[in-house]
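Engineer: Next comes the sequence, and after it the predicted model I'd like to discuss.
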Amino acid sequence: MSAVFVTGTGTEVGKTFVTTALIHALRRRGRSVDALKPVASGFDPVQPGASDTALLLAALRRPPTEEAIARMSPWRFAAPLSPDMAARRERRRIDFDALLADTRRAIDQTPDLLLIEGIGGLMVPLDERHTVLDWIVALDARVLLVGGSYLGGISHALTALELLRTRRLDTAAMIVSETPCGVDLSETVATIARFAGAVPIIGLPRLPDAEAAHPALQRAADLF
């Protein structure tokens with residue numbers, strides 16, 4: 001079994017799209033792949049089908065039943081805020097040890113590849129003391145970093161890559177997702193790559209949907 005933690009340089013950079021697109025790309029290769037998104041904020045229980053969790057389940061060809069959503073995303077919060085803030089609004093908190101145990105159990109139970117989608121960016125707080133980066137370090141998981149081609153995205157990308165390098169994490173690749181009205185994608189990729197060392201930097205143009213095949217996704221799938 002193996003696991004890849006999909007994290008971002010920030011929020012709204014395309015983590016869920018990349019994760020679902022990778023699920024389709026890997027399944028086309030005959031791989032057995034599963035997904036997990038343990039923490040979700042901005043979750044509307046009245047419209048669960050609109051959630052990122054439901055999109056992941058759809059990519060796995062599973063109906064977004066209440067049970068399936070609860071299993072994939074045990075920590076769900078209504079407010080579209082960082083998990084610590086969203087949980088506080090509901091007088092709840094994320095038990096970091098329980099989060100680790102739940103994630104490790106899912107990894108152990110996955111026969112082939114598990115894609116773990118994080119929440120927000122690397123340094124988003126989960127509770128009073130822990131960030132998403134602490135979660136990744138505790139798991140010692142391979143990392144797939146997702147960023148955007150928006151203005152300022154290069155600095156965000158290089159900061160995140162430096163954090164991952166400093167923590168000695170295995171960064172499989174970074175995917176730069178094309179941002180509407182952003183900076184040229186190929187130029188952004190080339191600039192990040194000059195500073196990224198051995199980490200592959202893959203540019204992903206905007207696709208009609210996550211099921212669309214593209215060489216960038218094939219290249220990413222080859223890494224796993």
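Structural biologist: Right, received. Where do you want to start? Keep in mind that what you see is a predicted model, and the values were worked out from it rather than measured.
Engineer: quick one: the helices in this structure?
Structural biologist: 15-28, 52-59, 66-72, 83-89, 96-109, 132-139, 153-166, 185-195, 215-222 (DSSP state H).
Engineer: Could you say which one of those comes nearest to residue 208?
Structural biologist: helix 15-28 (11.2 Å; CB to CB). Using the backbone N, CA and C atoms, a C-beta is placed for each residue, glycine as well.
Engineer: Point out where the chain drops to low pLDDT.
Structural biologist: 1 (pLDDT under 70).
Engineer: For it, identify the residue most remote from the centre.
Structural biologist: In the chain, counting by CA atoms, centre = their mean, residue 91 sits farthest out from the average C-alpha position, at 26.1 Å.
Engineer: From residue 59, how far off is that one?
Structural biologist: Applying CB to CB, to the nearest Å, the value for residue 91 to residue 59 is 33 Å.
Engineer: now swap in residue 52 and tell me
Structural biologist: Counting by CB to CB, the gap from residue 52 to residue 59 is 11 Å.
Engineer: Ok, residue 166 next?
Structural biologist: As judged by CB to CB, residue 166 and residue 59 stand 33 Å apart.
Engineer: For those two, indicate the residue with more neighbours.
Structural biologist: Shown here are residue 166 and residue 59; by other CB atoms under 10 Å, residue 59 has more neighbours (21 against 9).
Engineer: Tell me how far that one lies from residue 179.
Structural biologist: Distance from residue 59 to residue 179, by CB to CB: 22 Å.
Engineer: do the same with residue 9
Structural biologist: Distance, residue 9 to residue 179, by CB to CB: 11 Å.
Engineer: anything in contact with each of the two?
Structural biologist: 148, 153 (CB atoms under 8 Å, 6 or more residues apart in numbering).
Engineer: Who has more neighbours out of the two?
Structural biologist: residue 9 (28 against 19).
Engineer: Just confirm that one contacts residue 146, I think it does.
Structural biologist: Yes: applying CB atoms under 8 Å, one finds residue 9 in contact with residue 146, separated by 7.2 Å.
Engineer: how close does residue 135 get to residue 112?
Structural biologist: 22 Å.
Engineer: neighbour count winner among these two?
Structural biologist: Neighbour tally, residue 135 and residue 112, criterion other CB under 10 Å: the higher count belongs to residue 135, 25 against 12.
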